[in-house]
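J.: sharing a model prediction with you, sequence too.
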Amino acid sequence: MRYLSLLSFIAFFQAPVLLHAQTDNSTSGNLTDMLNASEPSGAHEPVTGTFKTTRIINGQSVETTGKGVLDFKISHRFGSIDGGVKQFFGLDGAVTQLGFDYGITRGLTVGVSRSTYNKEYEGYVKAKILAQTEDNHIPVTLDYVGAISTQSDAAPDLGTGVEYKFAYRNCYVNQILIARKFNNEFSLQLMPTIIHYNLVPLDVDPNNVLAVGIGGRAKLSNRISLTAEYYYQIPGYKLTDTKNSLSVGIDIETGGHVFQLFFTNSTGITERAFIGQTSDSWSKGQIHFGFNISRIFQIVKPKEFEGSRNSIY
């Protein structure tokens, strides 16, 4: 049944929808242009299409959801491939996240999600501070991401007489995204991050985990891009026995669609989980196949599309 469900999802997303595809060609005249329409032309016109979607792989990219656009996301991480044939190379088990992102303005996105990993609920905001311009007047794009998450799975045993408080379930993420699109073929992003856990596994573990991520996109063809991201946890500011998250994948664009397919050593999907709590290792073959897909709904009609007879409205 799991595989039938997967096929149903793929069929659903083959409908004429858009996954925040950022085109390098501004003449397509479809929903891609509508979602990523640049500001009126001028001396400091902003760069578009630094990344194809609002996620590089696991982590956020500097791309934001268009104003008035609701983005329904499904993210899937299968089990580790080192389970072999008995576990069908990880396909017998999976972590799933369902999420909704909404563009308040062109540079402000809010989102909510629910993940099966620790039965976690998350809310986040992404705000654009600076936008790289075509004339290099502003050389980079700068975003801020803030997130709060709550785990709703069963309370752990903390010992006799110790109460498991609701606050222990909560975690907070603050992140700065710094990206530059060098040309139509290559973009790079840095992600300094701090994660605060109200409860940590061991007394010696810090409540604040510090990490620096780096991610990039290399265009292989008009429709395919290679993506990668790596999060390095600062020694002394990481949880015991955790590993750095490494993910490698491809973005496949088909018209207004982008499908993200990748391999990662992280089981969790939120920043709280994949940056600070990854326990699997690439060197031990503990690698997970995953994918991200989404469907766009235009909630507020842009002024430039007023009078349109397009059936999506």
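T.: Yep, it's here. Note that the coordinates shown come from a computational prediction; the quantities given were computed from them, not determined experimentally.

J.: all helices for the stretch 201-313 of the chain, in order.
T.: Remark: helices assigned in the stretch 201-313 of the chain by DSSP state H, counting those that start in this stretch are 271-274.

J.: actually the stretch 1-150 of the chain, not the one I wrote
T.: Using DSSP H, counting those that start in this stretch, helices in the stretch 1-150 of the chain cover 2-12, 31-35.

J.: so where's the chain shaky on pLDDT?
T.: 1-42, 84, 86-90, 92, 255-257, 302-313 (pLDDT under 70).

J.: give the contact list for the spatially most central residue of the chain.
T.: Of all residues in the chain, the one closest to the mean position by Cα atoms, centre = their mean is R55, 3.4 Å from it. Contact analysis of R55 by Cβ atoms under 8 Å, 6 or more residues apart in numbering lists S61, Q260, N292. (Each C-beta comes from the backbone N, C-alpha and C, glycine too.)

J.: top of these by number of neighbours, please.
T.: Among the contacts of R55, the one with the most neighbours (other Cβ atoms under 10 Å) is S61, at 27 neighbours.

J.: what sits against that one?
T.: T50, F51, T53, T54, R55, L177, A179, Q189, G215.

J.: a markdown table for the residues you listed, including distance to D203?
T.: Shown next, in a markdown table, are those (distance: Cβ to Cβ, whole Å):
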| residue | distance to D203 |
| --- | --- |
| T50 | 42 |
| F51 | 40 |
| T53 | 40 |
| T54 | 38 |
| R55 | 35 |
| L177 | 33 |
| A179 | 38 |
| Q189 | 35 |
| G215 | 33 |
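
J.: ok, of these, which one's closest to E134?
T.: T50 (12.2 Å; Cβ to Cβ).

J.: just give the closest residue to the closest one, not the sequence neighbours.
T.: Excluding the flanking residues, the one nearest T50 by Cβ to Cβ, 6 or more residues apart in numbering is K181, at 4.3 Å.

J.: and the one you found, that's in a helix?
T.: No: counting by DSSP: H, G, I helix; E, B strand; the rest coil, K181 is not part of a helix but strand.

J.: who's it bridged to?
T.: S187 (DSSP bridges).

J.: strands of this protein, residue ranges please.
T.: 69-80, 94-105, 108-115, 120-130, 141-151, 170-183, 186-197, 208-219, 224-233, 245-254, 257-264, 288-298 (DSSP state E).
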